[in-house]
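>>> Just to be clear, the model below is a prediction. Sequence and coordinates:
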Amino acid sequence: MTKNIKSITNPKLKLEILTPAEVRKIHDATLWIIEKVGVKFPSKRALDIWAAHGAEVDRERKIVKVKGELIEEALKKCPPVYPLAARDPEQDLPLDGNHVFVGTDGCGVEVIDIQTGQRRMSTLQDVVDIARIADATEEVAFHWVPVSAQDTPPQTRGLHEIKAIWENSTKHVQTESIYSEIEAKAAIEMAAMIAGGKEALRKRPVLSLMQCTAPPLGHDGGSLDAALLAAEAGIPTGFMTMSACLTTGPATMAGTLAVGNAEVIAATALLQLAYPGAPVFYAAAQTASDLRTGSYTGGGPEDFLFGAATNMLSDFYNIPLSMGSFATGAKEPNWQAGVENSLSTFMASIVMSDMLLGVGFLHGSRIWSYAEMMMDCEIFSIIQKMMQGIEVNDETLALDAIAAVGPSGHFLAQKHTRQHMHDLFIPQFMDRRPYGEWESKKDDGRDWALAKARKVLAEHRPEPLDPKLSKEFGRMIQRIENGE
């Protein structure tokens with residue numbers, strides 16, 4: 001286990017992608033959409049909550065229309081700062097607006113096998129293996145359940161996945177695979193057992209829940225019910241819009257931002273009406289549909305702009321943001337993956353998005369690649385170094401060293417050089433070798449990244465979860481599978 005967690009904090013570089021007036025205009029458009037068009041909430045409990053607060057509820061169509069004032073008042077109750085706790089308290093993550101943390105992505109259904117290189121269906125063992133490697137990787141601050149454990153029963157799959165991660169890592173766990181009340185109740189109970197009780201869980205939430213919206217302007221009923229249970233227990237909960245220009249959003253980016261924003265803040269307001277002060281976060285992974293096929297692109301200039309703009313919306317509401325980053329549309333680790341993941345992560349980082357997702361995925365979050373995971377972590381390390389900017393003071397100006405060397409000398413033997421040489425970035429997977437060495441070997445960063453992943457998987461031994469808890473989690477899951 002690595003105790004270190006790499007994050008971006010106190011950046012010198014900043015970017016404003018939208019003016020305050022433009023943010024306000026998107027917000028006003030969002031309120032108009034919620035009040036005049038409505039959002040679908042296919043959950044009896046959710047509809048009852050809306051009705052109790054005076055919203056216009058069409059129970060047959062399950063569409064809710066809400067006055068803007070009610071939405072705004074509810075959002076004021078969202079806590080702006082709170083921690084994502086870890087099994088190891090030294091790895092707790094402050095969501096305070098001054099840190100950018102990276103996590104794996106989730107719900108992938110295929111894996112490029114770490115040994116054979118063949119593409120295959122994802123399994124529970126993949127969840128285990130990815131968790132172990134992420135546990136040892138300082139760039140990965142928290143886990144999104146990375147791939148679907150398709151060899152486990154659908155009704156308990158999400159529970160098998162979080163159990164596997166807790167057994168193989170001490171970092172925070174965030175899941176987007178809890179879709180029902182039954183699973184949510186069990187997941188909350190498991191988290192409480194790790195934290196030391198229900199009240200301890202409120203103070204140190206070792207689990208957080210992500211629920212995807214159903215764009216345009218809709219939600220999933222089971223996800224809503226699970227989110228309400230999580231909010232009641234004090235577990236941080238977020239709703240992610242994946243609205244896409246042309247298909248589940250208008251062709252224009254501003255319109256797609258407004259549609260996605262309506263989905264997210266309407267559901268967030270619901271949680272605050274039910275449980276004022278519940279920890280919540282904004283989540284987004286908006287994109288543009290491909291003009292030729294209509295498919296989700298997972299990359300391109302629209303994604304990069306969405307990544308920066310959405311953070312300004314979450315800042316406007318003063319709640320943390322979980323932003324889809326990385327998760328290139330490339331089919332293999334290649335130049336496209338490098339370009340898309342670098343630019344998407346840079347744009348989301350420079351506006352200080354709290355949580356970045358996507359490490360390790362190809363083909364728009366469908367295919368997991370261990371080599372891509374390692375190279376994505378290097379991309380984040382490069383951006384973290386860039387965000388530090390250039391420190392200018394008497395020490396870094398190095399005038400004494402410059403005077404000692406003088407014209408035509410070199411700085412290699414200087415004490416100042418020895419003191420500061422490790423401030424310089426050293427890549428793991430970029431090829432800086434002499435041409436002749438490369439020509440004789442013809443290997444590259446993909447080979448080195450895969451070799452590193454294999455080495456970590458073979459050698460790293462995570463701090464184990466209490467065996468009693470593992471057994472009890474297993475019994476809880478079995479009872480649900482037995483219908484008890």
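Here it is on my side, so go on.
>>> for the protein, which spans come out with low pLDDT?
Along the chain, segments meeting pLDDT under 70 span 1-2.
>>> Give me the longest helix you can find in it.
helix 253-274 (DSSP state H).
>>> Let me know whether Val64 touches Leu47 as I believe.
Yes. Under the contact definition of Cβ atoms under 8 Å, Val64 touches Leu47, with a separation of 6.9 Å. In short, each C-beta sits where N, CA and C put it, glycine included.
>>> shared neighbours of those two, anything?
Phe41, Val57 (Cβ atoms under 8 Å, 6 or more residues apart in numbering).
>>> in the stretch 1-150 of the chain, which spans are helices?
20-32, 44-52, 68-75, 124-135 (DSSP state H, counting those that start in this stretch).
>>> Please identify the deepest-packed of those helices.
Among the helices of the stretch 1-150 of the chain, judged by mean count of other Cβ atoms under 10 Å, the one packed with the most neighbours on average is helix 124-135 (a mean of 24).
>>> So which elements touch it?
Counting by 3 or more Cβ pairs under 8 Å, 6 or more residues apart in numbering; DSSP states H and E, the packing neighbours recorded for helix 124-135 are strand 140-144, helix 157-168, helix 370-387, helix 445-459.
>>> Now do the contacts for the residue nearest to Arg157 when sequence neighbours are not counted.
Leaving aside its chain neighbours, Arg157 sits nearest to Ala149 (5.5 Å; criterion: Cβ to Cβ, 6 or more residues apart in numbering). By Cβ under 8 Å, 6+ apart, the residues touching Ala149 are Ser122, Thr123, Leu124, Asp126, Val127, Arg157, His160, Glu161, Ala164.
>>> 7 Å instead?
By Cβ atoms under 7 Å, 6 or more residues apart in numbering, Ala149 lies in contact with Thr123, Leu124, Val127, Arg157, His160, Glu161.
>>> What number of residues are in the vicinity of Thr116?
Look at Thr116: counted by other Cβ atoms under 10 Å, it has 8 neighbours.
>>> Also the one 5 residues further on?
Using other Cβ under 10 Å, Met121 has 12 neighbouring residues.
>>> so how far is Gln419 from it?
52 Å (Cβ to Cβ, to the nearest Å).
>>> likewise Gly103?
Distance from Gly103 to Gln419, by Cβ to Cβ: 34 Å.
>>> domains of the protein?
If you go by automatic domain parsing, the domain ranges for the chain are 8-17+75-387, 394-423.
>>> Can you say which of the ones you listed is packed in most?
domain 8-17+75-387 (a mean of 22).
>>> tell me how far the ends of it are from each other?
Domain 8-17+75-387 has an end-to-end distance of 7 Å (criterion: Cα to Cα, to the nearest Å).
>>> got it, and stretch 202-209?
14 Å.
>>> Over to stretch 358-366?
11 Å.
>>> and if you look at stretch 25-40?
One end of stretch 25-40 sits 23 Å from the other (Cα to Cα).
>>> circling back to that earlier point, let me have the helices of the stretch 1-150 of the chain in CSV, extended by distance to Gly445.
Formatted as CSV, the helices of the stretch 1-150 of the chain follow (distance: least, Cβ to Cβ, whole Å):
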stretch, distance to Gly445
helix 20-32, 39
helix 44-52, 47
helix 68-75, 44
helix 124-135, 17
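>>> from what I can see Gln91 touches Ser7, true?
No. Taking contacts as Cβ atoms under 7 Å, Gln91 lies outside contact range of Ser7: 11.2 Å.
>>> hey, what's in contact with both of those two?
Counting by Cβ under 7 Å, 6+ apart, nothing touches both Gln91 and Ser7.
>>> For the helices and strands packed on helix 124-135, could you give me JSON lines that also reports distance to Cys212?
Formatted as JSON lines, the helices and strands packed on helix 124-135 follow (distance: least, Cβ to Cβ, whole Å):
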{"stretch": "strand 140-144", "distance to Cys212": "12"}
{"stretch": "helix 157-168", "distance to Cys212": "13"}
{"stretch": "helix 370-387", "distance to Cys212": "21"}
{"stretch": "helix 445-459", "distance to Cys212": "28"}
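>>> Which among these is found nearest to Ala254?
Proximity to Ala254 (Cβ to Cβ) singles out helix 370-387 among the helices and strands packed on helix 124-135, at 26.6 Å.
>>> helices or strands next to that closest one in the packing?
helix 335-350, strand 355-359, helix 445-459 (3 or more Cβ pairs under 7 Å, 6 or more residues apart in numbering; DSSP states H and E).
>>> let's see it at 8 Å
Using 3+ Cβ pairs under 8 Å, 6+ apart: helix 370-387 touches strand 8-9, strand 99-104, helix 124-135, helix 335-350, strand 355-359, helix 445-459.
>>> contacting residues around the fifth one?
For strand 355-359, contacts defined as Cβ under 8 Å, 6+ apart pick out 95, 100-106, 139-140, 142, 144, 174, 281, 285, 320-327, 341, 344-345, 348-349, 365, 373, 376-377, 380.
>>> what sits up against the helix or strand following that strand?
Past strand 355-359, further along toward the C-terminus, the next helix or strand under DSSP states H and E is strand 361-362. Applying Cβ under 8 Å, 6+ apart, the contact partners of strand 361-362 are 105, 108, 112, 326-328, 330-333, 337, 367-369, 372.
>>> Out of the residues you listed, which sit inside strands?
Among those, DSSP state E puts Ile112, Ile367, Trp368, Ser369 in strands.
>>> between the residues you listed, which is closest to Phe473?
Nearest to Phe473 among those, with distances taken as Cβ to Cβ, is Trp368, at 23.8 Å.
>>> dump the residue contacts of the closest one.
Trp368 makes contacts with Gly108, Glu110, Val111, Ile112, Ser122, Asp126, Ile130, Pro146, Val147, Gly360, Phe361, Leu362, as judged by Cβ under 8 Å, 6+ apart.
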